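J.: Below are the sequence and a predicted model; questions follow.
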Amino acid sequence: MIAESANAAEQFVEEKCTNFDYGNAFLHKLNKMRIDQENCDFSLEVDGETLYVHRVVLAVASPYFAAMFRNNTKEKAMGSMKLEDNDATAVKTIIDYIYSGEMTLSEENVQFVFLTGDYFQIEWIKRKCVEFFKSKLTLTNCFQMRRLVDKPPFEELYECSHNYILKHFDKLIHKEELLRLSFEEIEELVKDDGLAVAFEDNAFKAIMKWVKHDLEKRKGYLAELMSHMRLPFIRNEFLRDHVINETLLKNDSHGNQFLPQLCTYHLTSTSQRSSQTRKNIPKNRNARFHILFSGGEDIKTGWPQRKCRVFNVSNSKICSITDMVDRRNGNSVISLNDVVYSVGGYDKDVLESAEYYDQVNRKWIHIEPMNRGRVYFGICAHNSLIYAIGGAHLSSVESYNASTGKWYACPNTPVAYEWWCRATVVENSIYSLGRGTDGVTSCIRFDPREGRWYKLNEIPGRPLNGFELFSYDRSLFFIGKKCARLDIRSNKWDSMLSMLSQRFYYSAAVIADDIYVFGGGLNVGSRVEHIKTVERYNIHNNEWTTVDTIEVESFGGAAALISGDINLD
């Protein structure tokens, strides 16, 4: 009998039970008690309002309150605390978070929530404010946002906006906001080693534009600003055409001292430069811009290829990196947060697969495949998401979130694309262009905040497949057999100069205020001649020039600008 009882007891194994809804239910009940002022034992007074709370809840969520209630403080004894310099809305937002785990941030409240979160020593709130602040920075508001947070204790927010300006400086040199900077603000930018200019020419342009904007008051700052230039890295053609003939430098007793130094360096042979001491040569801050070429057609076999090459903008050299996992032609490439992704295309079939380049281990790694296979489709990055749009015979759209590693369906385009489409971003909207199955080549705009597409004006003529689409400031640039520009404010297309060669299946990218076109093919009788020249379109001068020759060895692949260092050793 004893043995039987023991055996029966062994059948009842200990089991741990978890109520996964308990935490949310507990917080919900606790928050209701706060709202009903039930069992509240502390209050916060801010801007004439009284917020009733529970000490233990504040102590758990905030190290500031934990220390207050642990010690014999005046506030602990009184059972209340007066917040003199805090914003009432921000305090209520944080109290709501403490009792629910949720809070709502906006461009209007993020500063005050950050400030109050810092005061209450809640690191999660500060971190979320920084992430939100980063995500809302644009070319239009970055200077204003930096000015708003240029005081303690907003150092982290200031650094975000300052770094954004440094990273996008090439696109900001023609902005009115740059001209309104104080001397201290413009100097802080042009002397920074992190100033991301494709060429040092653009730092020179920014200085001259700023000085000339209010010449009488600012000409005295010219020499000081010029002293921060990396003069040896100004391009020869820019030196010849602009710097040497700059009247302001010639006439300024201090500014003209830089011209002999500049000319001497550029007239010195490369071998002589390398033999000289480099102690006084400043850091080249222009070496961060590379173009990555991915996939395309192998010109010898005609098959899609895995090859990838990187073009160094600063020295016009091209080198190979590790091959992709998959062969791809008609693929798209995008850089997001300094990581390069190669997506879709075709091999024997249209590909759903996508991969990214791991710079540390120097290899390509697959990510989750798209929901649909895509070829000749548009791709762009916006708000830390990658958008894949349309493609041959498709209207579907999806976005990739690198944080979750997943693709998510987005609203379809109004009409399926016939064959080829491209996409780009201006401010908070995504623009896509391609010929639809209805025969119309129209431009459409998607606002992710609203989740819907809007039709814009049809592009003049009937553009062929094989074009590229880029954005600069508030304009779209259509680069094809015939080129055109769309001013998104007036919704009007204007013709622009065509490329020097009628190439097709080329790769292209925007660097600073120039559009570069690489490789591709040219029909010569019944055969295709592969082009090695590089053409550059200057947006402000409306001019195409041939600037280089490189061996791309393929056409039909994709290209992306990498704004950052890439390990090529």
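T.: Cool, the structure landed.

J.: going forward, measure contacts and count neighbours with C-alpha atoms only.
T.: Noted.

J.: Now do stretch 562-569, average pLDDT.
T.: Across stretch 562-569, pLDDT averages out at 66.

J.: For stretch 243-251, which residues meet the burial criterion?
T.: Neighbour counts over stretch 243-251 (16 or more other C-alpha atoms under 10 Å) mark 243-244, 248-250 as buried.

J.: wait, stretch 449-463
T.: 453, 456, 458-459, 463.

J.: And stretch 86-99, by the same measure?
T.: 86-88, 90-95, 98-99.

J.: Any chance of those in a markdown table with pLDDT as columns?
T.: Below are those laid out as a markdown table (pLDDT from 0 to 100):
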| residue | pLDDT |
| --- | --- |
| Asn86 | 89 |
| Asp87 | 91 |
| Ala88 | 94 |
| Ala90 | 95 |
| Val91 | 96 |
| Lys92 | 96 |
| Thr93 | 96 |
| Ile94 | 97 |
| Ile95 | 96 |
| Ile98 | 96 |
| Tyr99 | 96 |
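
J.: Just put those residues in TSV and tack on distance to Pro448 and secondary structure.
T.: Output for the buried residues of stretch 86-99, formatted as TSV (distance: C-alpha to C-alpha, whole Å; DSSP: H, G, I helix; E, B strand; the rest coil):
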residue	distance to Pro448	secondary structure
Asn86	33	coil
Asp87	31	coil
Ala88	31	helix
Ala90	27	helix
Val91	30	helix
Lys92	29	helix
Thr93	25	helix
Ile94	27	helix
Ile95	30	helix
Ile98	30	helix
Tyr99	30	helix
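
J.: helix/strand/coil for the nearest residue to Asp438 once chain neighbours are set aside?
T.: Using C-alpha to C-alpha, 6 or more residues apart in numbering and skipping residues adjacent in sequence, the residue nearest Asp438 is Val415, 7.4 Å away. Following DSSP: H, G, I helix; E, B strand; the rest coil, the label given to Val415 is coil.

J.: What of Met208?
T.: helix.

J.: So it versus Asp201, what's the distance?
T.: 11 Å (C-alpha to C-alpha, to the nearest Å).

J.: Which one's more surrounded, those two?
T.: Shown here are Met208 and Asp201; by other C-alpha atoms under 10 Å, Asp201 has more neighbours (22 against 19).

J.: still on that earlier bit, run through the residues that contact the residue nearest to Asp438.
T.: By C-alpha atoms under 8 Å, 6 or more residues apart in numbering, the contact set of Val415 is 395, 436-438.

J.: for the stretch 201-350 of the chain, what spans make up the helices?
T.: Taking DSSP state H, counting those that start in this stretch, the helices of the stretch 201-350 of the chain run over residues 201-213, 215-218, 222-226, 236-238, 247-251, 258-267, 270-275.

J.: Can you tell me which of the buried residues of stretch 449-463 is nearest Phe293?
T.: The closest of the buried residues of stretch 449-463 to Phe293 turns out to be Pro463 (C-alpha to C-alpha; 24.4 Å).

J.: And the pLDDT at that closest one?
T.: Looking at Pro463, its pLDDT reads 67.

J.: Glu159 too?
T.: As predicted, Glu159 sits at a pLDDT of 93.

J.: again with Met1
T.: 52.

J.: Kindly report the same for the one 5 residues further on.
T.: Looking at Ala6, its pLDDT stands at 52.

J.: Repeat that for His242.
T.: Value listed for His242 in the pLDDT field: 82.

J.: What distance do you get for it to Glu200?
T.: Counting by C-alpha to C-alpha, the gap from His242 to Glu200 is 13 Å.

J.: can you check Arg485 too?
T.: From Arg485 to Glu200 the distance is 27 Å (C-alpha to C-alpha).

J.: hmm, back to that, gap between the residue nearest to Asp438 and Glu352?
T.: Distance from Val415 to Glu352, by C-alpha to C-alpha: 21 Å.

J.: what's the answer for Asn383, then?
T.: For Asn383, the distance to Glu352 - C-alpha to C-alpha - is 23 Å.

J.: Kindly report the same for Val440.
T.: Look at Val440 and Glu352: by C-alpha to C-alpha, they are 27 Å apart.

J.: same thing with Lys481?
T.: As judged by C-alpha to C-alpha, Lys481 and Glu352 stand 29 Å apart.

J.: go on, Lys128?
T.: Look at Lys128 and Glu352: by C-alpha to C-alpha, they are 33 Å apart.

J.: Then Pro152?
T.: According to C-alpha to C-alpha, Pro152 stands 49 Å off from Glu352.

J.: ok, the two, which is more surrounded?
T.: Neighbour count, other C-alpha under 10 Å: between Pro152 and Glu352, Glu352 has more, with 17 against 10.

J.: Pretty sure Ile367 sits against Gly405.
T.: Yes - counting by C-alpha atoms under 8 Å, Gly405 is a contact partner of Ile367 at 7.0 Å.

J.: More neighbours: the two, which one.
T.: A direct count of neighbours by other C-alpha under 10 Å for Ile367 and Gly405 places Ile367 higher, at 17 against 10.

J.: residues touching that one, list them.
T.: For Ile367, the contact set (C-alpha under 8 Å, 6+ apart) comprises 353-356, 405.

J.: Throw these into JSON lines and include distance to Tyr516 and pLDDT, thanks.
T.: Conversion of the contacts of Ile367 to JSON lines gives the following (distance: C-alpha to C-alpha, whole Å; pLDDT from 0 to 100):
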{"residue": "Ser353", "distance to Tyr516": "28", "pLDDT": "97"}
{"residue": "Ala354", "distance to Tyr516": "25", "pLDDT": "97"}
{"residue": "Glu355", "distance to Tyr516": "25", "pLDDT": "98"}
{"residue": "Tyr356", "distance to Tyr516": "23", "pLDDT": "96"}
{"residue": "Gly405", "distance to Tyr516": "32", "pLDDT": "95"}
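
J.: residue ranges of the helices in the stretch 51-200 of the chain, please?
T.: 55-61, 63-70, 74-78, 88-100, 110-119, 123-136, 142-148, 155-167, 169-172, 176-179, 183-190.

J.: what packs against the longest one?
T.: Applying 3 or more C-alpha pairs under 8 Å, 6 or more residues apart in numbering; DSSP states H and E, one finds that helix 123-136 contacts helix 110-119, helix 155-167.

J.: just so I know, which of those lies nearest Arg374?
T.: helix 155-167 (31.3 Å).

J.: Can you give me the buried ones in the closest one?
T.: Buried residues in helix 155-167 (16+ other C-alpha under 10 Å): 156-167.

J.: relative orientation of it and helix 183-190 in degrees?
T.: With axes from the mean of the first three to the mean of the last three C-alpha atoms, to 10 degrees applied, the angle from helix 155-167 to helix 183-190 works out at 70 degrees.
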